[in-house]
Every structure is written in structure tokens, then in C-alpha cells.
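*Asks:* Provided below are the primary sequence and the corresponding predicted coordinates.
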Amino acid sequence: MKSLRTLIPSLLLVTGALYAQPNVTAVLDGAALTANLAQGSVFVVKGTGLSTANEFFQATAPTYPASFHNVSIGLTATSGGAASALPIVYVYNLRA
């Protein structure tokens, strides 16, 4: 019984690490990788805990999905209101 008591907290710790909270570190222009974003442009969201994907996944053009491999992006106007879902071109989880 004692080994089960030590195993359960270990499993909870591993599960928590696998499903870490998203942390966005940068939103960059998709072409130049600068912080200058134009309306309607393609952009890249970088950070940690953004995806559980373990490889590169690309969506099929021309109808890119609003949710792809459990990842979705929404923008809300600074004045408030409902979030607008954005199409996703690819999902890639780079692990350092």
C-alpha cells in the first residue's frame, strides 16, 4: 500500500506537466518574423504548452479549420464582444 501512495502523486505530477497551461511568448508576422502585423496577414504564435502534438501537422488548403489537433486561436476586440475564431495552417510542437 505504501508504494501506491508514492505512485499516485508521481502520476499526477506527470499528468500536470503533459497538460501545462499555454504560455504565449511571441506573435510574429509569418513572412519576416517581426512584431509588425497587418490586418489579414498570416502570423505565427510561439510559446510553450500550446499543443500536445509531437510532430508537424499541416491542414488541408484552401479551407483551413478553426480547430486543429486540439489547438484553436481566437481574437477578441479591445472593446469586448465574442472572440473570432482564426483559421490554422499548421501545428508544430518544438521541444528544446
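*Replies:* Structure's in. What do you need?
*Asks:* from here on, contacts and neighbour counts on C-alpha atoms
*Replies:* OK.
*Asks:* could you count how many residues lie near the closest residue to residue 30 other than its chain neighbours?
*Replies:* Spatial nearest neighbour of residue 30, chain neighbours left out: residue 43 (4.2 Å); criterion: Cα to Cα, 6 or more residues apart in numbering. Counted with other Cα atoms under 10 Å, the neighbours of residue 43 add up to 20.
*Asks:* mind listing the helices for this protein?
*Replies:* Under the criterion DSSP state H, the chain carries helices at the ranges 2-18.
*Asks:* pLDDT weak spots in this protein?
*Replies:* In the predicted model, the chain carries pLDDT under 70 at residues 1-20, 94-96.
*Asks:* now the strands: where do they sit in it?
*Replies:* 23-29, 43-48, 57-58, 67-68, 71-75, 84-86, 90-91 (DSSP state E).
*Asks:* wait, the residue nearest to residue 30 sits on residue 29?
*Replies:* Yes. Proximity of residue 43 to residue 29 meets the contact threshold set by Cα atoms under 8 Å, at 4.5 Å.
*Asks:* most packed of the strands of the chain?
*Replies:* strand 90-91 (a mean of 19; mean count of other Cα atoms under 10 Å).
*Asks:* re earlier: okay, the strands of the chain in CSV with distance to residue 35 next?
*Replies:* Converted to CSV, the strands of the chain look like this (distance: least, Cα to Cα, whole Å):
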stretch, distance to residue 35
strand 23-29, 5
strand 43-48, 9
strand 57-58, 23
strand 67-68, 24
strand 71-75, 16
strand 84-86, 18
strand 90-91, 20
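*Asks:* looking at those strands, which is nearest to residue 37?
*Replies:* Within the strands of the chain, the stretch nearest residue 37 is strand 23-29; the backing value is 5.5 Å (Cα to Cα).
*Asks:* list the helices and strands the closest one packs on?
*Replies:* strand 43-48 (3 or more Cα pairs under 8 Å, 6 or more residues apart in numbering; DSSP states H and E).
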